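S.K.: Sequence plus predicted model, see below.
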Amino acid sequence: MEHGGFSRRGSEGGIFPAGASVMDNGPISHVADHPPARRRRVRRGCHVAGPASGAAGAQTSGPGSRTGQGPHVRVELIADRAAPEPGMRIALKFDLDPEWHIYWRNPGDSGGPPEVTWTFPPGMTAAGLEWPAPERIDIGGLVNYGYHNSVVLPAAVVVAAGALIPRELTLKAAVRWMACANLCVPGKAELALTFPPSAAEIGRISAWKETIDAARGQVPKPAPPAWKASARSAGDTFVVEVLTGAREAEAVFFPLELSQVNDSAAQAVSPLPDGVRLVLSKSSQLAKDPAVLRGVLALAGGRAYTIALPMR
């Protein structure tokens, strides 16, 4: 079954870093955070509401609004300053109804991450979305990686050398997402953020900046160079060891690539005197062990790190 760009668990695809060239003629419209080769996956046994239900893509505000709304999801486009300039960050802020979730960059057993197509004036573009560390969401034995309640996905604005930033401009974001609980509902919104902002928006810039800064604080950091980390193949499992220099009582591994780790299997965690060991079940779709197992390692205390585990 396929519907609205989402397909079953068996689909394959890579996770592509976002990026776009900075053009110097005409408005820039690019899919900075739309992995085109990956088909998104619907949870087995999960009903997907289609257009006939009136759910798909529903909005309470028309195109060009800073805010949008779909079933069980509200989204807005915010910025960390009142005037666009190099170093500025914009962000998509999602607020969800209780028990509903959206997805991380690797959705896990099913679903798909939010996608955004940015449109900027000449000489400006956006870097890829920054993804806060996700949570494991277990629904009926299937495990997804994503977010409940509220999540903010920042993106840095990049300005080409010598580009002139107009005093008045509009940044646009065409956003698509999949929200799930006991059923899955696709949504979309056409958002726009105009500069200079209105008086009401200027009064909210400080709060927006705090929101964006807090979200960036939840984005996994690169693993410290002093750490020693590796993985080895052991039958139908990967045995991961990460030596952080201290005993780690809690750990969760979130794979960056699809179909390497069995997302729904429990992760066996064993604290070590100077780190932690995890045993991860391999995906049934894994044809060959990867040379490097890449992912996010979440530790106690809200710590999260991107990590590359050479296979030995």
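M.R.: Noted; the coordinates are in hand. Numbering: from 1, shown residues only.
S.K.: so how many other residues sit close to the closest residue to I78 other than its chain neighbours?
M.R.: Spatial nearest neighbour of I78, chain neighbours left out: W208 (4.2 Å); criterion: CB to CB, 6 or more residues apart in numbering. Every C-beta, even on glycine, is put in place using the N, C-alpha and C of the backbone. Summarising burial for W208: neighbours were counted as other CB atoms under 10 Å, giving 23.
S.K.: now the helices for this structure?
M.R.: Taking DSSP state H to define them, one finds helices in the chain at 199-202, 205-217.
S.K.: Of all these, which one comes closest to D95?
M.R.: Judged by CB to CB, the one of the helices of the chain that comes nearest to D95 is helix 205-217, at 11.2 Å.
S.K.: any idea which of the helices of the chain is most buried?
M.R.: Across the helices of the chain, averaging neighbours per residue (mean count of other CB atoms under 10 Å) puts helix 205-217 on top, at a mean of 16.
S.K.: List of residues touching that helix?
M.R.: For helix 205-217, contacts defined as CB atoms under 8 Å, 6 or more residues apart in numbering pick out 78-82, 89, 91, 93, 130, 132, 151-154, 197.
S.K.: I would like a PyMOL command selecting only the buried ones among these, please.
M.R.: Listed next is the PyMOL selection for buried residues among the contacts of helix 205-217, using 16 or more other CB atoms under 10 Å:
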select buried, resi 78+79+80+81+89+91+93+130+132+151+152+153+154+197
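S.K.: List the ones among the contacts of helix 205-217 that fall in strands.
M.R.: Under the assignment DSSP state E, those contribute I78, A79, R89, A91, K93, V151, V152, L153, P154 to strands.
S.K.: quick one: pLDDT of the first one?
M.R.: Among the per-residue scores, I78 shows a pLDDT of 98.
S.K.: Distance-wise, check E85 relative to A163.
M.R.: 11 Å (CB to CB, to the nearest Å).
S.K.: Between the two, tell me which one has more neighbours.
M.R.: Taking neighbours as other CB under 10 Å, E85 and A163 compare with A163 leading, 14 against 9.
S.K.: so P107 touches P113, yeah?
M.R.: Yes: the pair P107 / P113 is scored as a contact, 6.0 Å apart, by CB atoms under 8 Å.
S.K.: Strands of the stretch 51-200 of the chain, start to end?
M.R.: 67-70, 73-79, 89-96, 101-108, 115-120, 124-126, 135-139, 142-148, 150-159, 169-180, 183-195 (DSSP state E, counting those that start in this stretch).
S.K.: wait, which of these is closest to V292?
M.R.: Checking the strands of the stretch 51-200 of the chain against V292 by CB to CB gives strand 101-108 as the closest, at 15.4 Å.
S.K.: neighbouring contacts of that closest one?
M.R.: By CB under 8 Å, 6+ apart, the surrounding residues in contact with strand 101-108 are 15, 40-41, 73, 94, 96, 111-114, 129, 131, 134, 136-137, 142-148, 151, 177-181, 254-258, 263-264.
S.K.: okay, it in PDB with CA atoms only?
M.R.: The C-alpha coordinates for strand 101-108 follow below in PDB (Å, rounded to 0.1, in the frame of the first residue of the first chain):
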ATOM      1  CA  HIS A 101       4.200  12.000  17.400                       C
ATOM      2  CA  ILE A 102       6.300  13.000  14.300                       C
ATOM      3  CA  TYR A 103       9.500  11.400  13.200                       C
ATOM      4  CA  TRP A 104      13.300  11.800  13.500                       C
ATOM      5  CA  ARG A 105      15.500  11.800  10.400                       C
ATOM      6  CA  ASN A 106      15.500   7.900  10.600                       C
ATOM      7  CA  PRO A 107      11.900   7.100  11.500                       C
ATOM      8  CA  GLY A 108      12.600   3.600  12.700                       C
END
